[in-house]
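[1] sequence unknown, structure follows:
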Ligand code: NAD
């Protein structure tokens, strides 16, 4: 065994930052525990070809902090953490590397649970799980989290519609879904069943065609998503989709989608509010996936997952009572900070 675990100095406000290296299997990983105030830290493992370790540390700390907020808001009894493996997931990843990563997770003795993220599949997690019981999101465990994410977004979107339009009924509402992947297609199906009029956009033309054929959607070119007259915008592709430049062109009055980090900068949140557009913060509405993973950690069933999904929709309703006065992301962050302060006290 060539695995070495080294504690690095974590940034202020973070609990722990660990470097795990196993030269025999080409592993260099960083594991960050932002907060375990509400429970053991949980968050996925990302594999990415970072240019250097500083870039990996910057990413893992940012992501770990985000998980604290997402897990707290979803009421999961879990703290926030994340891990990254440095390397090209298509070229460098091996079962041996994933097992070495599993040993690194195991060395943290249950203070951190890992799962899939960008570049890591359920199969990779299964290799890690040979070495630790703290690897979750396995095919035979809670399964694909995407349908849960889509269901959570859908429930929150209905709450948002009730707030914005005075009626949660989506019949005839024009909803633009950007990104028809695992989450976006499932969300589009739910919206169609609820009577919404769909406009869809994806670089994958096969997915667009499927939505047009099966869900009577209208297609929108990917570079024209700010042109159609719509009621609701559901970003389910990439981060940073809403910017200072494009928000002035957005006709929707509600934004609710699965994509992480939808606002290019925090100032975009204020701009949306100034324009009278209600933004439901991404980390609140897209927590269905981590809720599903958490059910595996806690050994819980579907009823537990559904209760948590109901709770995120209730939290959105609670947030919206203050939304006329303040930026919704700020409201959500403050709700979490209050929970953390109460738990710490
Ligand atoms: P996915 O990779 O299955 O789907 C993404 C889709 O977006 C693909 O169909 C892709 O072709 C499309 N796309 C990429 N660039 C585009 C562009 N410029 N314009 C339009 N479409 C584009 O991913 P997913 O699992 O469905 O996740 C979607 C988003 O939700 C991601 O941002 C992800 O981080 C976030 N998210 C997913 C989950 C989950 O459970 N899968 C949970 C939380 C957050």
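    Looks like it arrived, so ask away. Here the structure is a predicted model, which is why all the values come from computation and not from measurement.

[2] excluding chain neighbours, what is closest to the residue in the stretch 101-250 of the chain that the ligand sits nearest to?
    In the stretch 101-250 of the chain, the residue that lies nearest the ligand is residue 181 (1.7 Å; CB to the nearest ligand atom). For every residue, glycine as well, the C-beta is placed using N, CA and C. Distances taken as CB to CB, 6 or more residues apart in numbering place residue 236 nearest to residue 181, at 6.9 Å, with adjacent residues excluded.

[3] would you confirm that that neighbour contacts residue 183?
    Yes: the pair residue 236 / residue 183 is scored as a contact, 5.2 Å apart, by CB atoms under 8 Å.

[4] list residues touching both of those two?
    Among the neighbours of residue 236, those also in contact with residue 183 (CB atoms under 8 Å, 6 or more residues apart in numbering) are 153, 258.

[5] list the contacts of residue 233.
    175, 176, 178, 225, 250, 252, 254, 255, 256, 257.

[6] now do residue 333
    Contacts of residue 333 (CB under 8 Å, 6+ apart): residue 69.

[7] give me the phi and psi angles of it.
    In terms of degrees, to the nearest 10, the main-chain angles of residue 333 are phi -60, psi -40.

[8] could you check how far it is from the ligand?
    Computed as CB to the nearest ligand atom, to the nearest Å, the residue 333 to the ligand distance reads 18 Å.

[9] now residue 329
    16 Å.

[10] which element is that residue on?
    According to DSSP states H and E, residue 329 maps onto helix 328-344.

[11] near the ligand, which residues of the chain? Just list them.
    Contact residues, the chain versus the ligand (CB under 6 Å from any ligand atom): 145-146, 149, 178-184, 201-204, 207, 222, 236-238, 258-260, 286, 289.

[12] recalculate using a threshold of 8 Å.
    Residues of the chain lying close to the ligand (CB under 8 Å from any ligand atom) are 118, 144-146, 148-150, 178-185, 201-204, 207, 222, 225, 235-239, 257-261, 282, 286-290, 292.

[13] return the subset of those lying in helices.
    146, 148-150, 182-185, 207, 282, 288-290, 292 (DSSP state H).

[14] what's the closest of these to residue 80?
    Set against residue 80, the nearest of these by CB to CB is residue 290 (10.1 Å).

[15] wait, what's in contact with the residue of the stretch 101-250 of the chain closest to the ligand?
    Residues near residue 181 by CB under 8 Å, 6+ apart: 146, 202, 204, 207, 236, 237.

[16] now residue 255: phi and psi?
    Dihedral angles for residue 255 - degrees, to the nearest 10 - are phi -120, psi 120.

[17] what pLDDT is listed against it?
    With respect to pLDDT, residue 255 scores 98.

[18] same question for residue 1.
    Value for residue 1, per-residue pLDDT: 66.

[19] and the nearest residue to residue 44 once chain neighbours are set aside, what does it touch?
    Using CB to CB, 6+ apart and skipping the chain neighbours, the partner closest in space to residue 44 is residue 117 (3.1 Å). Contacts for residue 117 (CB under 8 Å, 6+ apart) come out as 43, 44, 45, 46, 82.
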